[in-house]
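>>> pasting the sequence and the predicted model now:
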Amino acid sequence: MDSFSTLIRTASHEQHMEAETSTFMSDLLGGRLGVDAYARYTEQLWFMYEALETGAERLTSDPVAGPFIRPELFRLPALERDLAHLRGPHWRAGLSALPATRAYANRVRQCARDWPGGYIAHHYTRYLGDLSGGQIIRDKAEKTWGFAKKGDGVRFYVFEGIPNPAAFKRSYRELLDAVHADDLEKQRIVTECKKAFALNTAVFRALGEEFPLSA
Ligand code: HEM
């Protein structure tokens, strides 16, 4: 049988393609949207990571999810610096979650509270993605909107505490392979991972509606 890290990657491959090729992502990466769309997207990320990282604290001693909680992954401080740059010092006052974002954050919070295995699915979907395709998004954002390289505006994509992302991803996959879960629970985690991708895609869809190219 395949290792769990292979299983979860293979099982979510189709959803990954769907997220990657969503209209909003394609337009954003194609340089066809203004910085306002990028800022709105970054605001949505704030709600997602607020749910992931507030939930993380109570999971540090959990036998299943605990090993995954690594402070060097935390994105909330970087997101807050980016938002201060993008929206100004009063960024918090204008912050609002799209309904799709609220649904996503609620699901993450629910898993963090009731189901450590489900939390892992959300953790994997976000952080491993940020360490991978996130680097492509950063490069595009720097070029399209003129942010300083790895500076304010794109700090979310810069993991200061992870100098070697490839090595980190390898050790993360080892954590997945060693997860304390039986086969049935692993299947449930995979299913939740697909759900996590679908929740992301729903946010992209809503952003695409807010920023149609023809506008
Ligand atoms: C345009 C947007 C995206 C691009 C260009 C992109 C690109 C990539 C690339 C190149 C990899 C492979 C890295 C490797 O093999 O080490 C990857 C992996 C990954 N991406 Fe994305 N991605 C995008 C969007 C997303 C989104 C929206 C999510 C989910 C929220 C996501 C989640 C993941 C995950 C979980 C992995 C790790 C797969 C694994 O090795 O287990 N990606 N991405």
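Received it, and whenever you're ready, just let me know what you need.
>>> next, count neighbours for the closest residue to the ligand within the chain.
Nearest residue of the chain to the ligand (C-beta to the nearest ligand atom) works out as G133 at 2.1 Å. For every residue, glycine as well, the C-beta is placed using N, CA and C. If you count neighbours by other C-beta atoms under 10 Å, G133 ends up with 16.
>>> mind listing what it touches?
When contacts are counted by C-beta atoms under 8 Å, 6 or more residues apart in numbering, G133 touches E20.
>>> what pLDDT does the model give it?
pLDDT, G133: 90.
>>> next up, phi/psi of it, please.
Dihedral pair for G133: phi -60, psi -20, per degrees, to the nearest 10.
>>> do the same with G30
For G30, the backbone dihedrals (degrees, to the nearest 10) come out as phi -80, psi 0.
>>> got it, and the one 4 residues further on?
With angles defined as degrees, to the nearest 10, G34 shows backbone torsions of phi -80, psi 170.
>>> same thing with S132?
Dihedral angles (degrees, to the nearest 10) for S132: phi -110, psi -90.
>>> hang on, isn't it packed against A166?
No: counting by C-beta atoms under 8 Å, S132 stays clear of A166, with 9.6 Å between them.
>>> and this structure, which residues reach the ligand?
Within the chain, the positions adjacent to the ligand are 9, 16, 19-20, 25, 29, 124-126, 128-129, 132-133, 136, 169, 197, 200 by C-beta under 6 Å from any ligand atom.
>>> more neighbours: which of S132 and A166?
The neighbour comparison of S132 against A166 (other C-beta under 10 Å) goes to S132, with 13 against 9.
>>> ok, and the closest non-adjacent residue to the more buried one?
Distances taken as C-beta to C-beta, 6 or more residues apart in numbering place K169 nearest to S132, at 7.2 Å, with adjacent residues excluded.
>>> perfect, that will be all.
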